Structures are given as C-alpha cells and as structure tokens.
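> Fold the following and give me the result.
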Amino acid sequence: MAKIKKKKLPLVYQPVGLVLGLVSGALAGRAFRATWQAIRHEDTAPDPLDRDRGWAEILLAAALQGALFAVARSAADRTGAKAIERSTGVWPAKDKGGRSELPQP
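Residues are numbered from 1 along each chain as shown. Next up is the predicted model:
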C-alpha cells in the first residue's frame, strides 16, 4: 500500500505546489517593489531597454529580483513538502532527488 501512495503522492503535491508558487510569486513581487523603493526611492524598477539607465542599476535590479523570487520559491516548496509529509507521512519526492524527481508540468 505504501508503494501506491508514493507513486500517487506527486500528483497530490502538484496543486499544493502550484498554489504555493502563485502565492510566493506574488509575495516576492511585493517584497521586490518595497525593497527597490527603499534602495532607490523609485516606484518601479528599471526596464533593461531603458536607454537612460546604466548597466549597474539594471543588473542590480535583476539580481535582487532573482534572489527574492528564488528565496520565496524555495520557502514555498519546503513549506508544501513539509505539509504533505505531516498529512500523509511521506515526503513528496523520491529519495534525495528533490524537485528533479517530481513530474514536471
């Protein structure tokens, strides 16, 4: 019976992961806007095609945004996996492979 649960469990995790991904993306976007306002006192981040912005400003914004989204996604994935483990007793990925072991959409 446990083997059947392990095969079906990633399907259970997919909607949980999807919802957590959407929520974490929205939160990361808000965190980025707030951080950018604190750093540069501007409402919007620079567009890479804006001729009046320098390389340093464009790359700083991209690096900051990427880091915040990666942290938010990792926190959401870990939270979802822990919730699935608490409710089912099984970790949602096979062995130690992590995300690479989950079916991709």
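
> what's the single longest helix in this structure?
For the chain, the longest helix by residue count, based on DSSP state H, is helix 2-40.

> Which neighbouring elements make contact with the helix or strand following it?
Sequence order places helix 55-88 as the next helix or strand after helix 2-40, per DSSP states H and E. Here helix 55-88 touches helix 2-40, going by 3 or more CB pairs under 8 Å, 6 or more residues apart in numbering; DSSP states H and E. All C-beta spots, glycine's among them, are computed from the backbone N, C-alpha and C.

> Can you mark which positions in the helix or strand bottoming out on mean pLDDT in the chain are buried?
Least confident helix or strand of the chain, by mean pLDDT, DSSP states H and E, is helix 2-40 with a mean of 83. Within helix 2-40, the residues that qualify as buried by neighbour count (16 or more other CB atoms under 10 Å) are 9-10, 13-14, 16-17, 20, 24, 28, 31-32, 35-36.

> next one: stretch 79-95
80-81, 84, 91-93.

> so who does the residue nearest to the spatial centre of the chain touch?
Geometric centre of the chain, nearest residue: Arg73, 1.6 Å, by CA atoms, centre = their mean. With contact taken as CB atoms under 8 Å, 6 or more residues apart in numbering, Arg73 is in contact with 21, 24-25, 28.

> ok, Ala45 touching Phe32?
Yes: under the criterion of CB atoms under 8 Å, Ala45 makes contact with Phe32 at 7.2 Å.

> Which neighbours do those two have in common?
By CB under 8 Å, 6+ apart, the residues touching both Ala45 and Phe32 are Gln65.

> thinking again about what came up before, which one of the contacts of Arg73 is nearest to Gln65?
Ala28 (8.1 Å; CB to CB).

> In CSV, list the contacts of Arg73 along with distance to Leu59.
Below are the contacts of Arg73 laid out as CSV (distance: CB to CB, whole Å):
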residue, distance to Leu59
Gly21, 26
Ser24, 24
Gly25, 22
Ala28, 18
